[in-house]
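Peer 1: Next one to model:
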Amino acid sequence: MLKKISVEDIKELRNKTGAGMTDCKKALEASSGSIHLAVEILRKKGLASANRKSNRIATEGLIQSYIHAGSRLGVLVELNCETDFVARQPEFHRLAKDIAMQIAACQSVQYISRDQIPQKTISYEYDIELQKEDLVNKSKEIRKKIAEGRIEKKLNDLSLMNQNFIKKTEMTVEELVKQHIVLLGENIKIRRFHRFILGEGLETKNNNFNEEVSNIIKNN
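Peer 2: Residues are numbered from 1 along each chain as shown. Next up is the predicted model:
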C-alpha cells in the first residue's frame, strides 16, 4: 500500500532541497513517500537541468560582502546570473551571502573550481608528495598511488566548488549552486572572490586565528 503524501512531507522535502512544491510531490510519489529517495530523485533531476543551463551567458548579478565578527576577516565575491530580475531575488542574495561566508570559513580555498588550478601547481604539489619521508622506502607504484590520492584531496581542498556546504554538509557548494540554478531558472556562476585577513602579509605573532574563525563560522 502506497504511503499517503502529506503536506508536511512536501514541506520537509522542499526545505531540504529548495525544489518547487509540485516537483517535491512528484518525487515523493515516485519514491513511495521516502524523503531520502525523493532527495536523490530531485538532485539527479536538478543536476540534469542545471547542466543544460551551464553554458548560457551570465553577465548580471551582484558583488556580495561578508565581514566576520570583530572585523578581522572579510570576503568579496562576484556572483553572476543571466538577468537583473534574478539578481534582485532574495534567494539569489542569500546564495551570494552563503558563498561569501563559505569562503571565509574555508581558508584553504584558492580557486573556484578544480579546472582553474594551474597544471604547474598540480605538478609541483605532486613532486613534493613523492619526496616525503614516509614514501621514501616504498616501491615506485605504491609511492605513485599514495601521492595521487593525496593530490586528489589537496585539489579538492583548494577548490571552492568541492567544499561541503557549511550549513548543509551533505551537499557540496557545486550542488548548492546547481540547486539554485533549478530554483531560479537561470545559469549562475561564481566569477571571482577575494579574501581579506587583517594584517595578512605583515609580521605578526603566530596564532590560530584562521582555525578559530573557521570553527566560529561552522558553529553559527
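
Peer 1: C-alpha only now, for contacts and for neighbours.
Peer 2: Fine.

Peer 1: Output the below-cut-off pLDDT ranges for this structure.
Peer 2: Within the chain, the set of residues satisfying pLDDT under 70 comprises 1-3, 17-20, 44-55, 203-220.

Peer 1: any idea where the strands of it begin and end?
Peer 2: 60-67, 73-81, 189-197 (DSSP state E).

Peer 1: Check which helices and strands the second one sits against.
Peer 2: Same thing as strand 73-81. On a contact count with 3 or more C-alpha pairs under 8 Å, 6 or more residues apart in numbering; DSSP states H and E, strand 73-81 meets strand 60-67, helix 90-105, strand 189-197.

Peer 1: Could you list the residues in contact with it?
Peer 2: Contacts to strand 73-81, defined as C-alpha atoms under 8 Å, 6 or more residues apart in numbering, come from residues 58-68, 87, 96, 99-101, 103-104, 186-198.

Peer 1: before we move on, the earlier item: reformat the helices and strands packed on strand 73-81 as JSON lines; add mean neighbour count.
Peer 2: Listed next are the helices and strands packed on strand 73-81 as JSON lines, based on neighbours: other C-alpha atoms under 10 Å:
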{"stretch": "strand 60-67", "mean neighbour count": "18"}
{"stretch": "helix 90-105", "mean neighbour count": "21"}
{"stretch": "strand 189-197", "mean neighbour count": "16"}
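
Peer 1: Generate JSON lines for those, with distance to Ser31 as supplementary columns.
Peer 2: Below are the helices and strands packed on strand 73-81 laid out as JSON lines (distance: least, C-alpha to C-alpha, whole Å):
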{"stretch": "strand 60-67", "distance to Ser31": "36"}
{"stretch": "helix 90-105", "distance to Ser31": "27"}
{"stretch": "strand 189-197", "distance to Ser31": "31"}
